[in-house]
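> no sequence on this one, just coordinates:
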């Protein structure tokens with residue numbers, strides 16, 4: 001009988017008018033609001049996850065993978081720049097008649113964004129494997145090398161895009 005009444009009495013009290021009064025009395029008047037989750041681009045969320053996972057690694061791993069945070073920052077910046085480029089091209093496509101040229105640029109920018117985010121995700125997954133007990137660092141160092149090469153390629157493309165825009169600046173069409 002005691003076992004069957006324990007949950008019932010507790011439930012009856014907290015669902016009663018007296019339970020509601022006690023709850024209001026015990027709840028602080030100015031309690032902090034729960035932080036609302038704002039929109040966070042994928043690359044930023046992955047970068048934060050990688051930072052937390054890297055910081056939680058044993059010191060010997062962190063020493064061996066010392067270049068990882070710099071590569072992650074570089075990939076995050078490249079992904080953010082690609083995201084801005086994609087948004088700019090999408091907005092230009094909405095008001096432009098030159099859809100073929102913009103479509104190719106948009107496809108290229110989306111591809112680069114996808115590759116950078118995929119590299120960040122791969123780093124995150126390899127760090128999770130290390131936390132899961134994996135002791136082989138070869139997969140993450142391979143991903144790290146590939147990410148560095150991708151970062152160098154993104155830098156070259158950014159410089160090339162800047163040079164092209166200096167030579168032939170894009171005329172932004174005005175909506176009619």
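Yes, it's here. None of the values given here were measured: they were computed from a predicted structure.
> ok, residue 73 - contacts?
Residues in contact with residue 73 (CB atoms under 8 Å, 6 or more residues apart in numbering) are residue 47. Using the backbone N, CA and C atoms, a C-beta is placed for each residue, glycine as well.
> Give me the next element, helix or strand, following the helix or strand hosting it.
Assigned by DSSP states H and E, residue 73 falls within helix 68-95. Counting by DSSP H and E, the next helix or strand C-terminal to helix 68-95 is helix 99-131.
> I'd assumed residue 93 was in contact with residue 106.
Yes. At 6.5 Å, residue 106 counts as touching residue 93 under the criterion of CB atoms under 8 Å.
> now the helix holding residue 73: mean pLDDT?
For helix 68-95, mean pLDDT is 84.
> One more: stretch 125-133?
So the average pLDDT for stretch 125-133 ends up being 85.
> Next, the angle helix 99-131 makes with the helix holding residue 73.
150 degrees (axes from the mean of the first three to the mean of the last three CA atoms, to 10 degrees).
> in helix 68-95, what's buried?
Going by neighbour count (16 or more other CB atoms under 10 Å), the buried part of helix 68-95 is 68, 71-72, 74-83, 85-86, 89, 92.
> Could you do stretch 141-158 as well?
Buried residues in stretch 141-158 (16+ other CB under 10 Å): 143-144, 147-148, 150-151, 154, 158.
> Give me the distance between it and the centre of its chain.
Taking CA atoms, centre = their mean, to the nearest Å, one finds the center of stretch 141-158 at 18 Å from the center of the full chain.
> residues making contact with that stretch?
65, 67-68, 71, 74-75, 78, 81-82, 112, 115-116, 119, 122-123, 126.
> ok, then the element right after the helix-or-strand element of the chain with minimal mean pLDDT?
Here the helix or strand of the chain ranked lowest by mean pLDDT, DSSP states H and E is helix 2-14, holding a mean of 69. As assigned by DSSP H and E, the chain's next helix or strand after helix 2-14 is helix 17-26.
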